[in-house]
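Undergrad: Here is the input, now give the coordinates:
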Amino acid sequence: MGLYDPQMRVGTSGTGAALGRNYATNAATAGRVLTSQGDNLPPTWAIGVAPVARTFFVDVVNFSATPTGTLAAPYQTIQQPINQAVALGWTYVNIIVAPGIYIGPVAIPVGLEVAIAGWGQNALPILSGNITITGGIGTSDPVTFENCVILAPNITAADPLTQDIELRFYNSENFAAIAGFNIAVSWQTSTQGGNVTAGGDLDSTWDDWSWSHTLNIAPAIGAAGFYTRNMWGAVHDTYPQTITINGVPISPAAGCTAFVDLVVPAYTRADDRVQLQVADPAVRDFVCGVHGVAAGVVTVWITNLSRVSTDFADDVLLLIHHEHIIVET
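TA: Numbers count the residues shown, from 1 in each chain. Sure thing, here's the model as predicted:
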C-alpha cells in the first residue's frame, strides 16, 4: 500500500474472521489506521501528515484549531493549504474540500499547479470569494475545479492585460466571469455561467453536455485575438427561425427562388455545419435549404413551388453542428 500501508477495520456479519492484506485479525500498526466514523461519514486518519502525496483537506464546518491538512485536522479555508504548499516548496497541490460555503478570496501564485476538488457528489462546496491567479507569460500552470459550485464574481489573472491562465472544470458549475490575456479553458460535464474575455487568444474545449447547458445561460465568450473552439463528441444546438418574405402580391413568384438571412446567436461561426427542417411538414408549396453560414448568420434559399396568395412567414428549425474552429475577431 505504499508509505503508510493503512489497515482498515470493518464490521462483518457471521462468525468467520476477515483475513487478508488489508483485513487482518492481527493488531493494527500504530499510526497507520483508517478509522470509520459510521455510515456515509468520512474516515479519519491517525497520522500526522497528509495521507496522500501533495494533498490537503479543507472543511469550513469541522476544521481543526491546529490544522495540518489531514482528514483528522483539516484547514478552514482554501487559501491555507495554498500558502502551506508554497511554504513547502511544492509545485502542485491537491485540495479536497468538504461541503460548505467558502466566502474567502483565493489567491494562487505563479508556479503552483492547483486542483480543488469537492468531497462528495450530492452536497458540493460553494466557492463565493474572488479567485485571482498570478498567471505566466506565454504559459501558465493549470488550475482545476472538480465537483464545485463557483459563485465567485470573478476568476481572473492578477494582470488580465499581460498574464495567461489555464483553467479546467470537471462536473462543476462556474458562474464566475473569466478574464486574462491568453486563456486556455476546458469544460467537461460543467456549466459556464459567467462571461469569458481574453485580451489575447482564447483556446476553449467543450464536451456536448457542457456546451448545451452553457447555451441555456448564454454568456458572452470572446477574444481580441484568435478564438479557438475544440469540441468533444457530437456538439450541436438548435434554433427556431422564421423564413419571412413580403412581396406584392407575393415574392418570390411561383417557380422563382429568393435568399433570406436568418440571424442566429453569435455562437454560430462560418465553419459550422447547418441543417434546416420545416416546422410544419404539411405545408408543401415551397422548398428550402441552407445556402451558407457566416458569423451569427445562416443564409437560406426558398423556392416557391405553387403559392399564389399570402406572403412567406414559415417556421423552420436550424440544427447547427459545431466543429474545431479558429476565429479571429
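Undergrad: quick one: the strands in the stretch 1-150 of the chain?
TA: For the stretch 1-150 of the chain, the strands defined by DSSP state E, counting those that start in this stretch occupy 7-8, 33-35, 44-45, 55-58, 92-97, 101-102, 106-108, 113-118, 126-127, 131-133, 142-146, 149-150.
Undergrad: Low-confidence ranges, the stretch 51-200 of the chain, go.
TA: 51-52, 121 (pLDDT under 70).
Undergrad: And stretch 144-156, what's buried?
TA: 144-152, 154-156 (16 or more other CB atoms under 10 Å). In this view, the C-beta of every residue, glycine as well, is placed from N, C-alpha and C.
Undergrad: Show me which pair in these is furthest apart.
TA: Distance extremes for the buried residues of stretch 144-156: the farthest pair is Asn147 and Thr156 at 22.3 Å, using CB to CB.
Undergrad: that older thread, got the strands of the stretch 1-150 of the chain as JSON lines, with distance to Thr191 columns?
TA: Below are those laid out as JSON lines (distance: least, CB to CB, whole Å):
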{"stretch": "strand 7-8", "distance to Thr191": "36"}
{"stretch": "strand 33-35", "distance to Thr191": "35"}
{"stretch": "strand 44-45", "distance to Thr191": "34"}
{"stretch": "strand 55-58", "distance to Thr191": "23"}
{"stretch": "strand 92-97", "distance to Thr191": "19"}
{"stretch": "strand 101-102", "distance to Thr191": "19"}
{"stretch": "strand 106-108", "distance to Thr191": "20"}
{"stretch": "strand 113-118", "distance to Thr191": "15"}
{"stretch": "strand 126-127", "distance to Thr191": "14"}
{"stretch": "strand 131-133", "distance to Thr191": "17"}
{"stretch": "strand 142-146", "distance to Thr191": "12"}
{"stretch": "strand 149-150", "distance to Thr191": "10"}
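Undergrad: Can you say which of those is nearest to Tyr170?
TA: Proximity to Tyr170 (CB to CB) singles out strand 142-146 among these, at 4.2 Å.
Undergrad: what sits against Ile217?
TA: Ile217 sits next to 191-193 when contact means CB atoms under 8 Å, 6 or more residues apart in numbering.
Undergrad: Show me the residues you listed that map onto strands.
TA: Residues of these located in strands (DSSP state E): 191-192.
Undergrad: Please tell me which one of the contacts of Ile217 counts the most neighbours.
TA: Comparing the contacts of Ile217 by number of neighbours (other CB atoms under 10 Å), Gln192 comes first, having 27 neighbours.
Undergrad: Val300 and Ala258 touch, don't they?
TA: No: look at Val300 against Ala258 with CB atoms under 8 Å: they stay out of range, at 9.6 Å.
Undergrad: neighbour count winner among these two?
TA: For Val300 versus Ala258, the count of surrounding residues by other CB under 10 Å is larger for Val300: 20 against 17.
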